[in-house]
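Participant: Just a sequence and a predicted model for now, questions to come.
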Amino acid sequence: MNSNLEIANKTSVDEKQTFDVYQVRKDFPILSRRVNDKPLVYLDNAATTQKPDSVIDSMSHYYKFENANIHRGLHFLSELATESYEKARLKVKEFINAMSVAEIVFVRGATEAINLVSNSLCRSEHFGSGDEIIISEMEHHANIVPWQLLCDRKKIKLKVIPINDEGELEIDAFKKMISEKTKLVSVVHISNSLGTINPVKEIIDYAHSFGVPVLIDGAQSAPHIKVDVQDLDCDFFAFSGHKVFGPTGIGALYGKTEYLNMMPPYQGGGDMIRKVTFEETTFDDIPHKFEAGTPNIAGGIGLGAAIDYVNQFDRNVLKEHEDELLKYATEKLLEIDGLKIIGTAKHKASVISFIIKDIHPYDIGTIIDTDGIAIRTGHHCTQPIMQRYNLPATARASFAFYNTLEEVDKLVVGLHKVIKMFR
Ligand code: PMP
């Protein structure tokens, strides 16, 4: 290796904080609270993640010292707020390695990102009657319903890639499904219900060989793995700030410049125009033409702070810790008599859905909540997955890098208590 490069690489590794889970937990104030007089065990990270002080402080700082509307004012505070907000866009661009900040559209979250693409493409020439969109059986409702709405309006057919019993996509079926009628593939990177990490690069490459663009729902991948949209070569990527240790109400849509330029605005209003007359309106450049109205300025700044927080660590080290949690929790849960894990894919993130005999998941969740253990129960906004496994609901424990092996042990103790109660 070139010695300059060697030094540059070494420096960047050295600059990363060493990872000590107990030290890291101190950065998240909520993790030291008690629930039902027990220390909180927060295992609902696929629903939303907790926020470090730095994120909370960045938003409070904005409101205390910088609050002004952005892009429009020439005064000091407006310029300061604009700079902080646009800096956050740059951080998002780097977080997912987009080519340009113009490719980062701030939205409310993954749901709004997907709705933006579907509504905008619906108004464009991209889709015509008889065209097809491919999604999968393991999609979150956010990556199903917007396409159904579009299909109704445009007379388009929705095709669904099936999953096998382990909860993996049937890639051969996908390959048979795609044709000259396919105009978009939209699939989840990591399933929020099953934990499956999908081979999205293979899907993207294959779709591109047919000239078909691909949207990746990255709501669950952004928090767990280092995303590189240029390496993936996806055409769109959607994620939510609140699942990457940032605030709610903010997220990003990445779109390749060629697509964002071709797509018409989805909402109209202030801040997205170049000139308005009653006869004609011309729109601003991307990404602004997709950002009508006053945005979530504090949210954008908070998301930037969340990205800074995550970036202080080597992402591989965070992933190793989560993989250890997944492995340990899987082993421990499988020792519980009558417990069955739903979603046993070879490649998984730290999300475990399970059922225990005929105990309703709501009972499991309610009982362990009395011990301060927070898990999710229900269909997790993936009703087709529940139908696939013929289940009304599952219980789901989902881990973040601040969780510990001791918390897994507490979950196991809690589940034994549940079983005892139903004996
Ligand atoms: N996709 C997946 C895979 C998700 O897990 C979620 C959130 N549970 C969403 C989309 C929607 O995210 P949001 O509600 O933040 O828009």
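Facilitator: Good, I have the coordinates. Numbering: from 1, shown residues only.
Participant: Tell me the pLDDT of the closest residue to R388 other than its chain neighbours.
Facilitator: Closest residue to R388 apart from its sequence neighbours, by Cβ to Cβ, 6 or more residues apart in numbering: E137 at 5.8 Å. All C-beta spots, glycine's among them, are computed from the backbone N, C-alpha and C. What the model reports as pLDDT for E137 is 98.
Participant: Hmm, E137 is touching I385, no?
Facilitator: Yes - shown here, E137 and I385 form a contact pair, counting by Cβ atoms under 8 Å, at 6.9 Å.
Participant: Any part of stretch 212-232 near the ligand?
Facilitator: Yes - against the ligand, stretch 212-232 shows contacts by Cβ under 6 Å from any ligand atom at D217, A219, Q220.
Participant: Export those residues as CSV, with columns for pLDDT, secondary structure and distance to N403.
Facilitator: Listed next are the residues of stretch 212-232 next to the ligand as CSV, based on pLDDT from 0 to 100; DSSP: H, G, I helix; E, B strand; the rest coil; distance: Cβ to Cβ, whole Å:
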residue, pLDDT, secondary structure, distance to N403
D217, 98, strand, 23
A219, 98, coil, 19
Q220, 98, coil, 16
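Participant: how close does the residue nearest to R388 sit to V351?
Facilitator: 17 Å (Cβ to Cβ, to the nearest Å).
Participant: before we move on, what about I364?
Facilitator: In terms of Cβ to Cβ, I364 sits 16 Å off from V351.
Participant: Neighbour count: E137 and I385, which is higher?
Facilitator: I385 (26 against 20; other Cβ atoms under 10 Å).
Participant: before we move on, back to that, which of the residues of stretch 212-232 next to the ligand has the largest number of neighbours?
Facilitator: D217 leads the residues of stretch 212-232 next to the ligand on contacts (other Cβ under 10 Å) with 29 neighbours.
Participant: So what touches the strand or helix carrying V187?
Facilitator: Counting by DSSP states H and E, the element that carries V187 is strand 182-188. Strand 182-188 is touched from outside by 114, 121, 126-127, 131-136, 138-140, 143, 147, 156, 159, 161, 169, 178, 198, 200, 203-204, 207, 210, 212-217, 219-220, 236, with contacts defined as Cβ atoms under 8 Å, 6 or more residues apart in numbering.
Participant: Quick one: residues in contact with whichever helix or strand comes after it.
Facilitator: Downstream of strand 182-188, the first helix or strand assigned by DSSP H and E is helix 200-208. Helix 200-208 has contacts (Cβ under 8 Å, 6+ apart) with 169, 171, 174-175, 178, 182, 185, 187, 189, 213-214, 216, 231-234.
Participant: picking that back up, among the residues of stretch 212-232 next to the ligand, which one lies nearest to the ligand?
Facilitator: Distance to the ligand, by Cβ to the nearest ligand atom, is smallest for A219 among the residues of stretch 212-232 next to the ligand, at 3.4 Å.
Participant: excluding its backbone neighbours, what's nearest that closest one?
Facilitator: Nearest in space to A219, with sequence neighbours left out and distances taken as Cβ to Cβ, 6+ apart, is A110 at 4.0 Å.
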